[in-house]
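*Asks:* sequence first, predicted coordinates after that:
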Amino acid sequence: VLEGPKVSQSELAKRFGVSQPQICRIIKNRERILSEWRRQRQPERKRRRDGGDAALEAALLRWVEGTGSFLQLEARQLAEALGQPGSEPSTKPPAEGGDVERAVGERWLGAVPPGILRGYAPSQIYACGDTGVPLPGGSPGTQRLTLLLCANADGSEKVPLWVLGESSRPRCLQGVNLRHMPWRYRAGCLAAGSALPLAEWLREFGEGLRRRGRSALLLLPQRDAQPCPQPHNVRVVFIPAPAQPLERGVTGDLKGHFQRRLLRRLPAGRPTLLDTLHTLAQAWGDVSPELIASCFRAAGFSPDAGSASAAALAPAAWREQGAERAAGEDAEAEEGAVEDVQPCPSEREVWRSLATLRRYLECRATSPEHFQAFYELEDAVHAVRAG
């Protein structure tokens with residue numbers, strides 16, 4: 001208004017609903033106000049608020065810009081930071097919430113990952129996310145389990161599942177050596193408003209890496225951002241939901257394997273929570289490293305797809321060696337066979353024996369690897385039963 005026809009300060013004060021001395025101060029400090037307004041990143045902001053300690057504010061800015069280990073990006077700020085200055089305003093109608101989220105995710109994928117990933121090998125880049133599955137046999141819409149999934153970008157490591165359930169002390173878990181199970185169970189339910197136990201999970205994740213002398217970059221969904229202590233060897237980055245690698249097919253594949261295994265268990269009766277936890281661990285093991293690596297690539301993270309993971313190839317080699325040993329043992333058994341042959345057990349006896357063996361491992365196992373061998377045995381029995 002001041003740049004137009006001359007107008008009195010009293011008239012300006014009336015028009016803008018402020019006092020005449022305030023108009024006088026604005027006119028007096030006009031150049032400084034305009035200069036500061038042009039420097040700030042939010043043009044709609046009208047008040048200037050400075051921190052009490054300039055040195056602290058400068059240190060905080062450097063930390064937010066990437067020197068800290070804990071980076072959280074707000075969707076709106078991210079969209080503004082990645083926008084093209086001087087570009088023409090869009091003539092399209094305002095986007096719906098989901099479209100805005102997808103647009104932010106696409107811009108994030110195009111600009112941010114290269115800087116974040118610098119210095120990390122694919123085996124050091126992990127993504128963590130959560131999903132929900134219904135508890136088999138529970139009341140529809142009430143009984144639900146929340147799964148916390150984590151894997152690295154080349155698919156060579158899948159962190160043991162964390163499962164959140166409503167029951168704090170399930171009876172079926174009494175007597176089970178929980179420290180050595182291939183899964184972790186905690187009480188809690190996102191539907192009831194509980195937060196993910198990220199602090200406890202991060203502590204265990206960082207400790208596992210420390211024992212192996214490793215460090216990692218961990219990608220977490222932005223909606224799970226919560227203040228918690230960070231392990232010194234883990235850099236945590238919160239990313240928009242559309243950029244989450246595990247949502248590109250890993251969680252869906254896990255659920256498909258879980259449902260398939262549940263259907264196969266139907267003849268054994270209604271599964272308990274303990275049965276379900278083992279079935280989830282088996283389904284997580286069914287998710288292939290190749291699928292995980294392809295989902296990371298689809299999300300903008302590009303591990304080297306040319307080299308096959310030794311860990312992924314090892315089980316096949318073990319199975320071949322096991323088949324050779326089994327063939328040799330069968331030949332020896334035929335040579336030394338005696339007339340007193342044991343009758344073939346019934347299916348009921350086989351399932352009872354498997355249940356007894358699993359319970360023994362639940363009480364006595366000293367490593368999750370013991371259960372991987374048991375899961376393979378159970379799969380072999382099912383394959384024989386299917387003919």
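*Replies:* That came in fine, so what should we check first?
*Asks:* where along the stretch 201-350 of the chain do the helices fall?
*Replies:* 250-265, 273-286, 289-298, 310-335, 347-364 (DSSP state H, counting those that start in this stretch).
*Asks:* to clarify, my last question referred to the stretch 51-200 of the chain.
*Replies:* Counting by DSSP H, counting those that start in this stretch, the helices of the stretch 51-200 of the chain are 54-62, 75-81, 97-111, 113-117, 198-211.
*Asks:* mind listing what's buried in stretch 7-14?
*Replies:* 9, 12-13 (16 or more other C-beta atoms under 10 Å). C-beta here means a position set from N, CA and C on the backbone, and glycine is covered the same way.
*Asks:* and the nearest residue to P231 once chain neighbours are set aside, what pLDDT?
*Replies:* Spatial nearest neighbour of P231, excluding adjacent residues (C-beta to C-beta, 6 or more residues apart in numbering): G206 at 2.6 Å. With respect to pLDDT, G206 scores 93.
*Asks:* got the contact list for G206?
*Replies:* By C-beta atoms under 8 Å, 6 or more residues apart in numbering, G206 lies in contact with 231-234.
*Asks:* what about 10 Å?
*Replies:* Neighbour list for G206: 214-216, 218, 229-234, 236 [criterion: C-beta atoms under 10 Å, 6 or more residues apart in numbering].
*Asks:* make a PyMOL selection of the buried ones in these.
*Replies:* Applying 16+ other C-beta under 10 Å to the contacts of G206 leaves a buried subset, and the PyMOL line that selects it is:
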select buried, resi 216+218+230+231+234+236
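*Asks:* returning to that earlier point: where among the helices of the stretch 51-200 of the chain is the average confidence lowest?
*Replies:* helix 75-81 (a mean of 47).
*Asks:* any idea how far R385 is from the residue nearest to P231?
*Replies:* 43 Å (C-beta to C-beta, to the nearest Å).
*Asks:* what does F296 give?
*Replies:* With C-beta to C-beta as the criterion, F296 and R385 are 36 Å apart.
*Asks:* higher neighbour count, these two?
*Replies:* Set F296 next to R385 and count neighbours by other C-beta atoms under 10 Å: F296 wins out with 27 against 12.
*Asks:* quick check: pLDDT value at that one.
*Replies:* Note on F296: pLDDT of 91.
*Asks:* shouldn't it be in contact with N152?
*Replies:* Yes - under the criterion of C-beta atoms under 10 Å, F296 makes contact with N152 at 8.5 Å.
*Asks:* who touches both of those two?
*Replies:* With C-beta under 10 Å, 6+ apart, F296 and N152 have common neighbours 122, 125-127, 303.
*Asks:* got any ranges where the stretch 251-387 of the chain has weak pLDDT?
*Replies:* 266-269, 302-342 (pLDDT under 70).
*Asks:* what about 90?
*Replies:* Counting by pLDDT under 90, the stretch 251-387 of the chain has low-confidence residues at 260-272, 297-387.
*Asks:* for the stretch 1-150 of the chain, same thing?
*Replies:* For the stretch 1-150 of the chain, the ranges with pLDDT under 90 are 1-12, 14-17, 30-120, 134-144.
*Asks:* could you pull out the strands for it?
*Replies:* Counting by DSSP state E, counting those that start in this stretch, the stretch 1-150 of the chain has strands at residues 70-71, 125-134, 144-152.
*Asks:* so which of the ones you listed is nearest S346?
*Replies:* Shortest distance between S346 and those, using C-beta to C-beta, is found for strand 125-134: 32.3 Å.
*Asks:* list the neighbouring strands of that closest one plus their orientation.
*Replies:* Paired neighbours of strand 125-134 in the sheet (DSSP bridges): strand 144-152 (antiparallel), strand 216-221 (parallel).
*Asks:* nearest spatial neighbour of R260, chain-adjacent residues omitted?
*Replies:* Nearest to R260 is A283, by C-beta to C-beta, 6+ apart, at 7.9 Å.
*Asks:* typed the wrong thing, it's R48
*Replies:* Closest to R48 by C-beta to C-beta, 6+ apart is E36, at 6.2 Å.
*Asks:* ok, the spatially closest residue to R261 that is not a sequence neighbour - how many residues close by?
*Replies:* Leaving aside its sequence neighbours, R261 sits nearest to T279 (C-beta to C-beta, 6+ apart; 4.9 Å). T279 has 22 neighbours, counted by other C-beta under 10 Å.
*Asks:* T279: what's it in contact with?
*Replies:* So T279 contacts 133, 136, 257-262, 264-265, 271, 375 (C-beta under 10 Å, 6+ apart).
*Asks:* of all the strands paired with strand 125-134, which lies closest to R32?
*Replies:* strand 216-221 (41.7 Å).
*Asks:* next, the angle from the closest one to helix 198-211.
*Replies:* 160 degrees (axes from the mean of the first three to the mean of the last three C-alpha atoms, to 10 degrees).
*Asks:* model confidence over strand 216-221, on average?
*Replies:* Here the average pLDDT along strand 216-221 is 90.
*Asks:* how about stretch 158-178?
*Replies:* Rounded mean pLDDT across stretch 158-178 is 88.
*Asks:* name the residues of that stretch that are buried.
*Replies:* 158-166, 170, 173, 176.
*Asks:* biggest separation within these, which pair?
*Replies:* Of all pairs in those, the most separated under C-beta to C-beta is K158 and E166 at 25.3 Å.
*Asks:* what's the neighbour count on the residue lying closest to L135 once chain neighbours are set aside?
*Replies:* In space, and not counting its chain neighbours, L135 is closest to Q143: 3.8 Å by C-beta to C-beta, 6+ apart. By other C-beta under 10 Å, the residues close to Q143 number 16.
*Asks:* distance check, Q143 against L12.
*Replies:* Applying C-beta to C-beta to Q143 and L12 gives a distance of 66 Å.
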